[in-house]
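# Below are the sequence and a predicted model; questions follow.
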Amino acid sequence: MIKQLSLALMMAGLVTTAYAATEADVEASFNPYKNGVPSVAGLSAGAVITKANVEQFKDALAVGIYKMIKEGYYEVKVGATTQFEMNKAYVEATKKNLNTAKLGANNGDITGFVAGRPFPEEPDLNDPRAGEKLAWNYKYGVNWGDNAAIYPFFWKYRNMETGELERTIMMNMHFLNFKHRVQDAPVPEITPNPSDLFRAIYVKVLEPQDLKNTQLLIQRYDDDQKLDDAYLYLGFQRRVRRLATGQTTDAFLGSDLMIEDFEGYNGRVSDMKWTYKGTKTVLLPMWNHNDLKLTDEFKDRDGYKYVSFGGKGECFFDGTWQLRKTYVLEATPVNTNHPVSKRVFYMDAQLGNLNGAVEVYDRKGELWKVWTVGKSHPDHHLPLNKGAGIGIDDAFSMVDVQSKHCTTGQFKGQVDAKLNPADMFQVQFMRGGD
Amino acid sequence: MKWYPNKKPPTARLHVAVLTAALAGPAIAGGLPDLGGDTRPWDVDIYYENHTAHRGKDATGKTVGLAKFRNTMQVEADKRLAGGWGFHGVLRGTWDGVYRMNKGEFGEDAGGPIMLNNVSGAGGSTSVAHGAGVVNNGSGPPGNAFGFDINANPNDGMRVLGDRWHSIVPGDVAFGVPVRPCDEDKRGCRDFGGYGDLSLSELEMPEFNDRLDFIREAYVKKNISLDNGNNLFLKLGKQQVVWGRTDLFRVLDVINPVDYSRNNIYDELQDIRIPMWIAQAEYRMGPSESMQDRNLQIVWNVDKFRPNNLGQCGSPNAILDAGCFFRGMANLWDNGGTVANFANGTTATDFGPHQIGIRDVDLPDWSLSNTQLGIKFEGVTQGGLSFSLNALTYRSQLPSLRGLVTGPTNPFTGAPKTAAETNLIAFDVHYPRVNLIGGSMDFEAEAIGAAVRLEGAFTQGEEFANTARERLYSENNVFRGVIGIDRPTFISWINPRRTTLISAQLFWQHIFDHEYYKKGSRVAPSGAVNAFGPVGMPDWKDNFIGTVLIKAFLMNDRLSPELIIARDFRSRTHAIAPKVEWSVTDNLKLVVGANFKGGSNSRNRFDDCRSCNPYAPYTGTAADVGYSAGLASYEPLGRFRAGPIGVSMYEDDIFFMMRYKF
């Protein structure tokens, strides 16, 4: 049925390229399952996809996940498709500002955007800039909302062949939207904002000893053509260093993630050539945190338990996957020296997130990393997240399939404005520590 | 180490006052930081580190052997306190076994009897033992005061000044330097501000002293939100305050002195800055309509003055070999001694006490006017350019040797120095006040994929050796600047997936009103010229040092080879420091590395003031007093031309380090 709808929209796209979105488009964008959830024969809740039956479900799997199952690294447990109702203020902002956002002449140019989802209409394969519009929907997506923190955030580096745990990093990661805010005061913008920043991410490492007090600050301008400002505070140097561009595509703290991988994609729209490849029903890792098998390994002070891991080398989270409507989106770096030749995203149509399933290809065009971030429904997570209307990132697995190495992540995501004061996202804040 | 043994240190009271002020809750704080006031537990980390180094041959051709067996325990503790305050403390204790394990080089058996050059051959030999100078009380003019008591200054436990870093050139000036710990041999022991008079136990356990250096850091901090939306950040206690954007060089990063005795210039600055009792306040204004970030910082260093620790003579790390020069000179003042090739520039001479050398070290006492004050404005512009403007009034952390006006004895007559006698090689050590203004900035150069760092400072009040001046020093303004470029670069044969960091810096130092007379260009009243060589300031008018760091990251950054190359262009010497770090686990890190030096010190000689003619008519015509003919040696001023790299030319170390977190 979804495919039929896509076809219909594609036909419409052949007729007109200046499509004006309607409130019905908004409704369909945020509630793609109004008329029913997608289904694939044999993939009802409780089903398990293993090496033995993976071929049967190949079409319902992202390419990377398919390979993981086929290699016998991981088994996917299927859960029921559930509604991730979007943040109401964000939906309202979308409606209020419908059709105000327009692409400019160049990739990375946008005008008229105020707040909400800038291009809620169904993407059109005949629209050469459909991929770019989806990228904007991601950039200005609800993501972590106006402000949130992963507090704390545990990363583990593992040898996938042996399962050896090489490193455990404990950090706090904070997010703040300076502009296009929809819910938390001040709305719509934190002022003064002379540099016209759109968003910032602040990271502080708590463990281990050689990385302790390392801090990272990324400031993203609203003008997508402007390069991000990135700063690193090294605990042993006690100085803030400005990061050069190349360092955002390096392994962050030696992990299998680069800064550009954060949240699925953490870069400018203009850094990539975006191509919409079609709409597809695939399994994405989305669940109710409180219904999962959880671990108490970190002995959280508040009794919070984290998503547990298993599979080959303990590189894969023990979460359930559900059939989702996704937009397949390819991003090819504009910079030919980029270490990545292509990323393929399976963008969740409802949430607008990119990170449910991602494939990363190396310069030679060979699959390099398989990247998945599992999300919890906010109403089945920490009590303070209830009603947030945000898919709470809950666990990640980044597998380097070439070196057989992985980095895993266990989140305690908290949608709490108090954890993210604006001054935390200034360079000076990094100098105020030890 | 003794700090004003007869006085109760007022700074101790002030430190207590500073902490008490914080702990007692200033009105603005709105609460008392109570160490037990927060139920959250202490966050404590404990580390052990072993650093073992082996050193190759010094300039005498003898292998030094073990140069470090340093064992360090460090405890870092954090606690959230009531009222929004936080406490951070670092305790460190070190025991370096090198003084016992290699005592023939650095401990109680170091040194021995020495021979000094007597190139004239007068007295029958071109080499004489310490105490057997050809010019002495017996051979000098009637009434002279040459000669010294060999029992007070015996020919044992000594080395020839500079024999670690340069060959002993026939005809050069030199003298003996006691090298054993000061409880073993008190000769020439002076407190230069934390070094120079240390016993064996104080050398091997340097943190346990009267300044409580085992407390590396102990401060409380709080961020106070003000009604106008700005923040006031306070940090009070013993701490490090870091300014600037430069690696390795200290242009703006001069608030805390540095302990070079720990590992010369090769330890992280974090580990060798000497924390001071400081009150720091930052008024954080955040963004404005025209700037993205604004911050005003005031730093008040209320601690009693401490200079850089340059390393005691006889210890493995005596940067610039300065500690040996000082100790040898102090011994000459106290006891007299034999100086090679002094009389006529060719004949070994036995000076008596109080004729040449270093008399006193004037360490600034604690007083309000001797505290140090800094102010910095740090901001980020709308376009993302980060910058700082800095000003600091402080005491020079390097010693200045000022020639004595009164006090020395004329060795030819035994009479007190007269006003006519200038350019005497007899000094007191001072730490003059210095005023600094400077700034720094960094930005991203997208076109070359690099981050660019700039830093500069202008100082007024620094003092330099100057053989053209009556008191052998001059005060000169100085500009120092650094440009640094950090470029992550893909080097496929190192790691095709991860950039290798290439960081290059160029340091420039310019001395204003630099005084330097080329050979033959300085004309004395008699018409004589400096026929033997240049005179004036040994420091280069313009000096440049370049550094390149190449650091690779392998095995998920757990294995990191790096190479640092530093070149002092004027001294024509360089250091090459390869190192590999391996994080075996989260708690265990191993490091192996080395530092090798190369180049040539052959140009690093300078007027040694043997020909300064201080005692007319015995040393020259009265009209030409103070006009040096420029007779030059490596010692004592060649070290200022050689710099830290050139002077450590024969300190090639290989090392192993292990750090474990419990």
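Thanks, I have it.
# Show me what residue of chain B gets nearest to chain A.
residue B:557 (2.5 Å; C-beta to the nearest C-beta). No exception for glycine: its C-beta is placed from N, CA and C like everyone else's.
# I figured that residue hits residue A:257, correct?
No. At 11.9 Å, residue B:557 does not count as touching residue A:257 under the criterion of C-beta atoms under 8 Å.
# Need the residues touching each of these two.
Shared contacts of residue B:557 and residue A:257 (C-beta atoms under 8 Å, 6 or more residues apart in numbering or on different chains): residue A:251.
# Distance of the residue of the stretch 201-350 of chain A found nearest chain B relative to residue A:48?
The stretch 201-350 of chain A approaches chain B most closely through residue A:254 (2.5 Å), counting by C-beta to the nearest C-beta. According to C-beta to C-beta, to the nearest Å, residue A:254 and residue A:48 sit 34 Å apart.
# Of these two, which one has the most company?
Neighbour count, other C-beta atoms under 10 Å in any protein chain shown: between residue A:254 and residue A:48, residue A:254 has more, with 24 against 11.
# Tell me who's in contact with the residue lying closest to the more buried one once chain neighbours are set aside.
Leaving out its chain neighbours, the residue that sits closest to residue A:254 by C-beta to C-beta, 6 or more residues apart in numbering or on different chains is residue B:557, at 2.5 Å. Residues counted as contacts of residue B:557 (C-beta under 8 Å, 6+ apart) are A:251, A:253-254, B:498, B:583.
# let's go with 10 Å and repeat that
A:157, A:167, A:210-211, A:250-255, B:498, B:581, B:583 (C-beta atoms under 10 Å, 6 or more residues apart in numbering or on different chains).
# Can I take it that residue B:326 is in a helix?
Yes. Assessed with DSSP: H, G, I helix; E, B strand; the rest coil, residue B:326 lies in a helix.
# tally of neighbours for it?
28.
# and residue 312, how many neighbours?
Went with chain A since none was named. Residue A:312: 18 surrounding residues under other C-beta under 10 Å.
# right idea, wrong chain: chain B
Residues near residue B:312, counting by other C-beta under 10 Å, number 27.
# Please look at it and residue B:261 and confirm they touch.
Yes. The pair residue B:312 / residue B:261 is scored as a contact, 6.9 Å apart, by C-beta atoms under 10 Å.
# ok but residue B:321 is inside a helix, no?
Yes. Membership of residue B:321 in a helix is supported by three-state DSSP.
# Show the contacting residues for it.
With contact set as C-beta under 10 Å, 6+ apart, residue B:321 has these partners: B:161-166, B:177, B:310-311, B:313, B:634-636, B:638-639, B:642, B:644, B:647-648, B:651.
# Now, these that are in strands?
Counting by DSSP state E, those place residue B:177 in strands.
# Mark which of the contacts of residue B:321 are buried, thanks.
Buried by 16 or more other C-beta atoms under 10 Å in any protein chain shown: B:161-166, B:177, B:310-311, B:313, B:634-636, B:638-639, B:642, B:644, B:647-648, B:651, out of these.
# Let's see which of those residues end up in helices.
Among the buried ones among the contacts of residue B:321, the residues falling in helices (DSSP state H) are B:638-639, B:642, B:644, B:647.
# Most widely separated two among those residues?
B:638 and B:644 (13.2 Å; C-beta to C-beta).
# quick one: common contacting residues for these two?
B:321, B:571.
# returning to that earlier point: now the residue nearest to residue A:254: how far from residue A:210?
Where residue A:210 is concerned, residue B:557 sits at a distance of 10 Å (C-beta to C-beta).
# and if you look at residue A:343?
30 Å.
# The two: which has the busier surroundings?
The neighbour count for residue A:343 versus residue A:210, taken as other C-beta under 10 Å, is higher for residue A:343 (24 against 20).
# Just confirm the more buried one is within a strand.
Yes. Judged by three-state DSSP, residue A:343 forms part of a strand.
# Residue A:279 versus that one, what's the distance?
From residue A:343 to residue A:279 the distance is 18 Å (C-beta to C-beta).
# now swap in residue B:400 and tell me
Residue B:400 is 77 Å from residue A:279, by C-beta to C-beta.
# Please consider this matter closed, and thank you.
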